[in-house]
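Asks: I need the structure of the sequence given here:
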Amino acid sequence: MRKIFIPLSVGLLCTSFTIIPTQQTVNSTTYAVAGSPLTITDSSFADADAALVLYNNTKLQKYGLSEEAFDYAWKGYQRLLDKKLIRRSNYLTICDFSQSSRQKRLYIIDVANGELITNTYVAHGKNSGGEYATKFSNTPESLQSSLGFYITSNTYIGAHGLSLRVNGVDPGYNDKALERSIVIHGAAYVDDARAKAGIFMGRSWGCPAVPAKESTNIITTIKNGTCLFIYHPSRNYLLRSKILND
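Replies: From the prediction side, this is the model:
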């Protein structure tokens, strides 16, 4: 897991991802915004301007996440909040399958505090592609990844140790995730050594598998009701997802 230090005008405590942010209090709600002071109202925090502020202040472009991917993630996250499907709104996790699996393409954003707290590797499904994921499916036994929005659920101990169930909430694209046993789990075939050797990550049976040594921290951070978005610039998905388009 990469420790990420974001320059701040008010100072930085360089241990355990601890960031001293500038805080703005609005209508009895405190939002921590990394970077320059910003006045945020309850209504504006959900709009495109607030999304751009969060994207820029967490320096997501520097870490490989495109503004387009983030914008789609933010749009769906807000709609799921409106539908009251997200129980824990403080974290937004984005898996960007437009990137090579040799890149750190999993991002966990602490929305409440305006911080990028995790940027690491993640595997795609065996039948989705080699270095790059290009094919996606919601079909059981397809061994492909599924695009779209998920809500994290409970944990359990399985063949890969601590694992996290995810509930696909994008009809037609990932709503068979529970039936397919799509979960977040640790895997030995996802690690920094492979990337340094110029080898793309091993592939799962459709699960977004993460480095084994980081899996417990990732799972305990985002379990029990946070939003996960698996992104790819597939026009079929982006133009037809009910979450993004209804």
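Asks: okay, CA-based contacts and neighbour counts for the rest of this
Replies: OK.
Asks: pLDDT below threshold where in this protein?
Replies: Residue ranges of the chain with pLDDT under 70: 1-47.
Asks: Strands along that one, start to end?
Replies: When secondary structure is read from DSSP state E, the chain shows strands at 22-26, 29-33, 91-96, 106-110, 115-120, 148-158, 161-168, 183-187, 210-211, 227-231.
Asks: Buried residues, the lengthiest helix in the chain. List them.
Replies: What stands out as the longest helix in the chain, according to DSSP state H, is helix 67-82. For helix 67-82, the neighbour count (16 or more other CA atoms under 10 Å) marks 69-70, 72-80 as buried.
Asks: same question, stretch 106-113
Replies: Quick answer for stretch 106-113 (16+ other CA under 10 Å): 106-111, 113.
Asks: Put the alpha carbons of it into PDB.
Replies: Presented in PDB, the C-alpha positions along stretch 106-113 are these (Å, rounded to 0.1, in the frame of the first residue of the first chain):
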ATOM      1  CA  LEU A 106      -7.600   0.700  -6.700                       C
ATOM      2  CA  TYR A 107      -8.400   4.000  -4.900                       C
ATOM      3  CA  ILE A 108     -10.100   4.400  -1.500                       C
ATOM      4  CA  ILE A 109     -11.100   8.000  -0.900                       C
ATOM      5  CA  ASP A 110     -12.000   9.300   2.600                       C
ATOM      6  CA  VAL A 111     -14.700  11.600   1.400                       C
ATOM      7  CA  ALA A 112     -15.400  13.100   4.900                       C
ATOM      8  CA  ASN A 113     -11.800  14.200   5.300                       C
END
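Asks: number of nearby residues for Lys62?
Replies: By other CA atoms under 10 Å, the residues close to Lys62 number 9.
Asks: Enumerate every residue touching the residue nearest to Cys207 when sequence neighbours are not counted.
Replies: Nearest residue to Cys207, sequence neighbours excluded (CA to CA, 6 or more residues apart in numbering): Ile182, at 5.0 Å. Going by CA atoms under 8 Å, 6 or more residues apart in numbering, Ile182 touches 165-166, 206-208.
Asks: Please report the distance of Ile182 from Ala193.
Replies: If you measure Ile182 against Ala193 using CA to CA, to the nearest Å, the figure is 25 Å.
Asks: tell me which of the buried residues of helix 67-82 is nearest to Ile117?
Replies: Using CA to CA, Phe70 is the member of these that lies nearest Ile117, at 15.4 Å.
Asks: give me phi/psi at the residue nearest to Cys207?
Replies: phi -80, psi 120 (degrees, to the nearest 10).
Asks: Arg165 versus that one, what's the distance?
Replies: Applying CA to CA, the value for Ile182 to Arg165 is 7 Å.
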